[in-house]
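*Asks:* Quick one, structure for this:
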Amino acid sequence: MRTSHTKTLLAGIAGGFAMNLVMLLTFRFIGFGVNGGGILLDPALQSRKLIAVWTELEPLPLVVNQPAPVILGIIVFGIIHAWLYRWLSPSWPRGVIQRGLRFAAVVFFMTFLFWEFFTPFNLFGEPARLIAIELVFWGLIALADGLAISAVMEQGT
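*Replies:* Numbering: from 1, shown residues only. You can find the predicted model right below:
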């Protein structure tokens, strides 16, 4: 059965909202803390360079000062992910969970693992134990994205 463009768009929006929500719960509340002071900003654990980027060096990241463009951008990525899911998933076993987990793995390994290696590890000298925590966060974000997209795309099939 062919999936409609509208369904793909709605799946992507669902994936984007899911990523934003889990990002808020993990990185914001646990990682950075509501008012700072989260584990990812602890000077006893974190590289001084990364702390400075998030808290001192102007301009501060958009997600700190003006989060709306980043939130909307993540929804756009969710829409792109839904189109990628639409292209890849027909070759996978049927089922929301089976396809959602596979797609979460694609997103995690192609996007988030690369990001952690290239930026926090490479550019900021972030310690391995904090990268491990962030990879758990990213895994949860990828899982939310994959399952949300799969739930919408597989509905009615």
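*Asks:* Only the buried residues of stretch 59-72, if you could.
*Replies:* By neighbour count on 16 or more other CB atoms under 10 Å, the buried set for stretch 59-72 is 63, 71. To be clear about C-beta, it is placed using only N, CA and C from the backbone, and glycine gets the same treatment.
*Asks:* Just the local confidence number for Gln34, please.
*Replies:* Quick fix: residue 34 reads Val, not Gln. The confidence metric pLDDT takes the value 87 at Val34.
*Asks:* For it, grab phi and psi.
*Replies:* Main-chain dihedrals, Val34, degrees, to the nearest 10: phi -60, psi -40.
*Asks:* For it, grab the count of nearby residues.
*Replies:* Val34: 8 surrounding residues under other CB atoms under 10 Å.
*Asks:* What distance do you get for the closest residue in space to it that isn't next to it in sequence to Gly16?
*Replies:* In this structure, Val34 finds its nearest non-sequential neighbour in Arg28, 7.2 Å apart by CB to CB, 6 or more residues apart in numbering. Arg28 sits 16 Å away from Gly16, going by CB to CB, to the nearest Å.
*Asks:* So between these two, which is more surrounded?
*Replies:* Using other CB under 10 Å as the criterion, Arg28 and Gly16 rank with Gly16 on top: 25 against 14.
*Asks:* what's near enough to touch the residue nearest to Ala148 when sequence neighbours are not counted?
*Replies:* Distances taken as CB to CB, 6+ apart place Ala18 nearest to Ala148, at 3.9 Å, with adjacent residues excluded. Ala18 makes contact with 78, 144-145, 147-148, according to CB atoms under 8 Å, 6 or more residues apart in numbering.
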